[in-house]
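J.: A predicted structure for the sequence below; I have some questions about it.
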Amino acid sequence: MLTAPQFSSDGLIGVRSRIESAAGRAGRDPGSVRLLAVSKQQPEAAIRVLAAAGQQEFGENYLQEAVAKIDALRDLPLAWHFIGQLQANKTRQVAERFQCVHTVDRARIAERLSAQRPHYAPPLEVLIQVKLADEATKGGVSPGDLPALASAVAGLPRLNLRGLMCIPPDSRTEDEQRRPFRQLRELLATLNAAGHGLDTLSMGMSNDLEAAVLEGATLVRVGTAVFGPRPGSAAG
C-alpha cells in the first residue's frame, strides 16, 4: 500500500495543467471544468495528500470500501461521488453517505434513492448514465429512453437532477474520442430544450479528458493520472 511519504500531489498538478490547456483550446474558462479524483483502491493517506493540495471531490466505485474511507476521513471537508454501478440493495447507504451519484440508469434506482435520502440532508445530486454503445459490461439508459427517465427523476422530491454521464468505448484518436462526448452534449441540450435545467456533463477520464473538455465536459473523472497505478496493480 502507498503511504503518505511515498505519495505526492504531482499527478494532481499535472491533471490540472491538462484541464487548463484543453479548456484554452476550447476557448473555455478552466474553472468551468471540475476534477473528480477517482480514489477507488487508493489509501486514505493518498487522499489526505490531495486534500491538502486543495482537491475536495472524490469518486468511489465500491460501496463498502467507500464507506470506510468516508468514516476515516470525516475530519476533512470532502464531497463524495458514487460512480459505480448501483444495485437496489445498496441504495440506502449511497443515499445516506454521498453527495452525488453518477450512475442512475433506471427509475427504480432513482425512486429508492429519493425515498432513502435523509430528511435532514439536502436533495441528493444525481446524474443519469447514458449508454452510447452496445457494451454488455457497462450500464446506462439508451438515448431513446433518456427523456422519459429524465422526467421521472426530475419529479422525485429528494433528488436534484444535474445532468448526464457516460463511459464511452475506448478510442485511439482524439477525433474518435470526441464523438460520444459530442453525442452526450447534444442529448443534454435536447433535454434542456424540453425544459430541464441541467448543467453537468460528467465525461472524460485519464486517457481522454482533453477530448471531453473540448466537447463541453464540466466534470472529468480521473484516477490513474492523478494517483498513479492502484496499489498492487500495473495499471489503473
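T.: Perfect, I can see it now.
J.: ok, longest helix in this protein?
T.: For the chain, the helix with the greatest residue count under DSSP state H is helix 174-193.
J.: in that helix, which residues are buried?
T.: Buried positions in helix 174-193, judged by neighbour count with 16 or more other Cβ atoms under 10 Å: 177-178, 180-181, 183-185, 187-188, 191. The C-beta positions use only the backbone N, C-alpha and C, and glycine is treated the same way.
J.: and the strand or helix carrying residue 64, average pLDDT?
T.: According to DSSP states H and E, residue 64 maps onto helix 63-72. Average pLDDT, helix 63-72: 97.
J.: how near is residue 208 to residue 92?
T.: According to Cβ to Cβ, to the nearest Å, residue 208 and residue 92 sit 33 Å apart.
J.: show me where this protein has strands.
T.: For the chain, the strands defined by DSSP state E occupy 34-38, 57-60, 79-82, 100-104, 124-129, 159-165, 200-202, 219-222.
J.: out of those, which is closest to residue 49?
T.: The closest of the strands of the chain to residue 49 is strand 34-38. By Cβ to Cβ, the value is 10.8 Å.
J.: can you count the residues close to residue 87?
T.: Neighbour count for residue 87, taken as other Cβ atoms under 10 Å: 10.
J.: quick one: low-confidence parts of this structure?
T.: The model of the chain has pLDDT under 70 over residues 1-6, 231-236.
J.: one more pass at 80, please.
T.: Within the chain, the stretches with pLDDT under 80 are 1-6, 230-236.
J.: so residue 171 sits against residue 208, correct?
T.: Yes: using Cβ atoms under 8 Å, residue 171 is in contact with residue 208, at 7.2 Å.
J.: now the common contact residues for these two.
T.: Shared contacts of residue 171 and residue 208 (Cβ atoms under 8 Å, 6 or more residues apart in numbering): residue 177.
J.: so between those two, which is more surrounded?
T.: Shown here are residue 171 and residue 208; by other Cβ under 10 Å, residue 208 has more neighbours (21 against 15).
J.: contacts only, for the more buried one.
T.: By Cβ under 8 Å, 6+ apart, the contact set of residue 208 is 168, 171, 174, 177, 181.
J.: repeat the analysis, applying 10 Å as the threshold.
T.: 168, 170-171, 174, 176-178, 180-181, 217, 220 (Cβ atoms under 10 Å, 6 or more residues apart in numbering).
J.: then residue 128?
T.: Per Cβ under 10 Å, 6+ apart, neighbours of residue 128: 101-106, 110, 140-141, 146, 149-150, 152-154, 161-166, 187-188, 191, 198, 202.
J.: if we use 7 Å, what do you get?
T.: For residue 128, the contacting residues are 104-105, 141, 146, 149-150, 153, 164, by Cβ atoms under 7 Å, 6 or more residues apart in numbering.
J.: which of those residues fall in helices?
T.: Assigned to helices by DSSP H, the following of the contacts of residue 128 qualify: 146, 149-150, 153.
J.: now, among the residues you listed, which is nearest to residue 96?
T.: residue 153 (18.7 Å).
J.: how near is residue 151 to residue 106?
T.: Distance of residue 151 to residue 106, given as Cβ to Cβ: 14 Å.
J.: the two: who's more crowded?
T.: Set side by side, residue 151 and residue 106 show more neighbours around residue 106, with 18 against 15, by other Cβ under 10 Å.
J.: contact partners for that one?
T.: residue 141.
J.: any idea how far it is from residue 141?
T.: For residue 106, the distance to residue 141 equals 7 Å [Cβ to Cβ].
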